[in-house]
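Participant: quick one, structure for this:
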Amino acid sequence: MACRISEIVIDAHDPERLAKFWADVLGYVEIAREPDGIEIGPPGTGFGGPQPTLVFDIGDRAEVSRVKLPLHLDVSATDRDQEAELRRLLELGARHADIGQTGEESWYVLQDPEGNEFCLLRKRIDPVP
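Facilitator: Numbering: from 1, shown residues only. This is a model prediction of the structure:
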């Protein structure tokens, strides 16, 4: 028996704003709300489904650290090409991030509204049923 990632917890200055951004990016819906955070996940499955849920949590700290995390998310479009998905992500509030790319990469490095880096990969993948 193996483990499976069920949730990814992300500390946020504004959990509401990040939950909305990532729900729009991933096609997720709000599945739980607590006083200090919001959980989003795939519609109809939620926690325990084939994809992990995302929890945006202000936690017990007054201020979330701005130290670069040793982890980031990669996303791939499921129903459009990379350029169309890039336009959609930018319209949702993502912005380009410069981490020293050469311009020859097959992916885009972006930041969510709080500056967390993520990459938009070129290859389109099938949606999870």
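Participant: contact partners for the residue nearest to the spatial centre of the chain?
Facilitator: Taking Cα atoms, centre = their mean, the centroid of the chain lies closest to W22, which sits 4.8 Å from it. Residues in contact with W22 (Cβ atoms under 8 Å, 6 or more residues apart in numbering) are 28, 40, 54, 56, 112. Yep, even glycine has a C-beta here, placed from its N, CA and C like the rest.
Participant: pLDDT weak spots in this structure?
Facilitator: Applying pLDDT under 70 to the chain picks out residues 1-3, 59-70, 129.
Participant: which stretches of it form helices?
Facilitator: 15-26, 82-92 (DSSP state H).
Participant: of the contacts of W22, closest to D14?
Facilitator: Of all those, D14 sits closest to F56, with 8.5 Å by Cβ to Cβ.
Participant: wait, what's in contact with that closest one?
Facilitator: 10, 12, 15-16, 18-19, 22, 37-40.
Participant: buried subset of the residues you listed, written for PyMOL?
Facilitator: To isolate the buried members of the contacts of F56 in PyMOL, using 16 or more other Cβ atoms under 10 Å:
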select buried, resi 10+12+15+18+19+22+37+38+39+40
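Participant: which one of the contacts of F56 is nearest R122?
Facilitator: W22 (20.7 Å).
Participant: so which of the contacts of W22 is the closest to L86?
Facilitator: For the contacts of W22, the nearest to L86 is D112 (14.0 Å; Cβ to Cβ).
Participant: pull the contacting residues for that closest one.
Facilitator: 18, 21-22, 93-94, 118.
Participant: need those in CSV (columns: distance to G49).
Facilitator: Below are the contacts of D112 laid out as CSV (distance: Cβ to Cβ, whole Å):
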residue, distance to G49
L18, 21
F21, 21
W22, 16
G93, 26
A94, 25
F118, 21
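Participant: most packed of the helices of the chain?
Facilitator: Greatest average neighbour count among these goes to helix 15-26 (a mean of 19), per mean count of other Cβ atoms under 10 Å.
Participant: ok, what's across the strand from G37?
Facilitator: Applying DSSP bridges to G37 yields these beta-bridge partners: E34, D57.
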